[in-house]
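# I would like to see how this sequence folds:
(2 chains)
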There are 2 protein chains.
Amino acid sequence: MPMPEALPDATLARLFREARTHNAIGGEVDDATLRALYDLLKFGPTEANACPARFVFVRSPEAKARLAPALSDGNRDKTLAAPVTVIVGHDLAFYDKLPVLFPHTDARSWFAGSDQARLERVGLRGSSMQGAYLILAARALGLDCGPMSGFDNAMVDAAFFAGTSIRSNILVNLGHGDPAQLFPRSPRLSFDEAARIE
Amino acid sequence: MPMPEALPDATLARLFREARTHNAIGGEVDDATLRALYDLLKFGPTEANACPARFVFVRSPEAKARLAPALSDGNRDKTLAAPVTVIVGHDLAFYDKLPVLFPHTDARSWFAGSDQARLERVGLRGSSMQGAYLILAARALGLDCGPMSGFDNAMVDAAFFAGTSIRSNILVNLGHGDPAQLFPRSPRLSFDEAARIE
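Next comes the predicted model:
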């Protein structure tokens, strides 16, 4: 069977080459779109299929008001103006889902009782990968993204994950970006600065 | 300006719905393809555009032999058979590139001198996101992927990153997967198990 061709150039441009982190994001994002987004990103691979990421789609004015105090000054106004802000976190007790997610062996025992540092590492790795899948799935659906790390994780955890084993990782504004309010694209490392072939 | 339409269903299937983690990966992957892959994934967003991931494309028999002892038993044969195995790591001194990557302010000072735990966290988050971009960019180019966490990180670091501040994160086999040797797809969490709208 021959390998499939690369996707068309316009698709590669939308997903990667011309996609940008947007600052001014407006429009509306309905429940059906958020569910369609999840139904794509959920298929991205994670360690032992543990799918540790948990998502809060912050959309109502009340929920945005709970998020606001945790945002850095530079991220507050644009986040309050975006139609949806996704909190991407990870459940440190992700292993409790493994009997369902990895049913052919006792994968729960690989992680349950591990020290906190290992659970943090597996959780952070997985929710970061799933956050990246969310960004690319959103672009595939025609949405623009504004991902951010500039916020107080402990405040977000207290406001949205109190009494749980879920910890926040990144935030992603979602909606329709205004290209007129983009900054120029920042440089990237050349192949030889970031990679080598052995 | 109207929002763009979603990409065609066949594209969403290739990238997400029908994409699989492959075990039996063959074929050949040339330098031009690896450079094209990097030239897509490099555009994915990272915190402060720090682009902390570093990539070693392990392709020669000699380099594969250096990787082999670090692999878990279940991952060894399939990894040695794959045309390329990517080591995705992150440079804990990623901040030294920020004067180039984030030139409009002194972003280096946000990270230089931070404690090791914070640098590990930012590096791991970024290289995990960039590993996810690599997986989706590979699928966009027509390649199949076999990502793995089952290996000894310290052994990989000693074999490929000795004397540097780079630490391994995940491995990804790349090439042409044999669909006949796929396991059935494992379940995913429902929207309501993993997400909520507020």
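
# Of all residues in chain A, which one is nearest the centre?
Geometric centre of chain A, nearest residue: A:Gly131, 2.1 Å, by C-alpha atoms, centre = their mean.

# so that one makes contact with A:Ser168?
No - with contact defined as C-beta atoms under 8 Å, A:Gly131 does not reach A:Ser168; the gap is 10.8 Å. All C-beta spots, glycine's among them, are computed from the backbone N, C-alpha and C.

# shared neighbours of the two, anything?
A:Val88 (C-beta atoms under 8 Å, 6 or more residues apart in numbering or on different chains).

# Going by neighbour count, which residues in the longest strand anywhere in chain A are buried?
Once chain A is assigned using DSSP state E, the strand that runs over the most residues is strand A:166-177. For strand A:166-177, a neighbour-count test (16 or more other C-beta atoms under 10 Å in any protein chain shown) marks A:Ile166, A:Arg167, A:Ser168, A:Asn169, A:Ile170, A:Leu171, A:Val172, A:Asn173, A:Leu174, A:Gly175, A:His176, A:Gly177 as buried.

# how far away is A:Ser127 from chain B?
8 Å (C-beta to the nearest C-beta, to the nearest Å).

# other SSEs contacting whatever helix or strand that residue lives in?
A:Ser127 belongs to helix A:116-140 when assigned by DSSP states H and E. Contact here means 3 or more C-beta pairs under 8 Å, 6 or more residues apart in numbering or on different chains; DSSP states H and E; on that basis helix A:116-140 packs against helix A:31-41, strand A:53-58, strand A:84-91, helix A:108-111, strand A:144-148, strand A:166-177, helix B:116-140.

# Need the pLDDT of A:Pro69.
pLDDT for A:Pro69: 98.

# For burial, what's the neighbour tally of it?
Per other C-beta atoms under 10 Å in any protein chain shown, the neighbour tally for A:Pro69 reads 12.

# looking at it, it is touching A:Ala158, isn't it?
No - if you go by C-beta under 8 Å, A:Pro69 and A:Ala158 don't touch, sitting 10.1 Å apart.

# circling back to that earlier point, tell me what the residue lying closest to the residue nearest to the centre of chain A once chain neighbours are set aside is bridged to.
Distances taken as C-beta to C-beta, 6 or more residues apart in numbering or on different chains place A:Val88 nearest to A:Gly131, at 4.3 Å, with adjacent residues excluded. The partner list for A:Val88 in beta bridges (DSSP bridges) reads A:Phe55, A:Ile170.

# Might you report the residue contacts of A:Val88?
Here A:Val88 is in contact with A:Ala53, A:Arg54, A:Phe55, A:Ser127, A:Gln130, A:Gly131, A:Leu134, A:Ser168, A:Asn169, A:Ile170, A:Leu171, A:Val172 (criterion: C-beta under 8 Å, 6+ apart).

# Could you do A:Ala81 as well?
Applying C-beta under 8 Å, 6+ apart, the residues near A:Ala81 are A:Ala24, A:Ile25, A:Gly26.

# Quick check: of those residues, which lies closest to chain B?
Each of these was scored against chain B by C-beta to the nearest C-beta, and A:Gly26 proved nearest at 10.3 Å.

# For the closest one, grab phi and psi.
Backbone torsions of A:Gly26, given as degrees, to the nearest 10, read phi -130, psi -150.

# show me where pLDDT drops low in chain A?
A:1-2 (pLDDT under 70).

# Please repeat the previous calculation with a cut-off of 50.
Of all residues in chain A, none has pLDDT under 50.

# hmm, back to that, could the contacts of A:Val88 be laid out in CSV, adding distance to B:Glu62?
Listed next are the contacts of A:Val88 as CSV, based on distance: C-beta to C-beta, whole Å:
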residue, distance to B:Glu62
A:Ala53, 38
A:Arg54, 43
A:Phe55, 44
A:Ser127, 36
A:Gln130, 35
A:Gly131, 36
A:Leu134, 39
A:Ser168, 43
A:Asn169, 38
A:Ile170, 39
A:Leu171, 44
A:Val172, 42
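
# Closest one of those to B:Lys64?
Distance to B:Lys64 across the contacts of A:Val88 (C-beta to C-beta) is lowest for A:Gln130, with 29.6 Å.

# The closest one: what's it in contact with?
With C-beta under 8 Å, 6+ apart, A:Gln130 has these contacts: A:Leu41, A:Gly44, A:Thr46, A:Cys51, A:Pro52, A:Ala53, A:Val88, B:Ala132.
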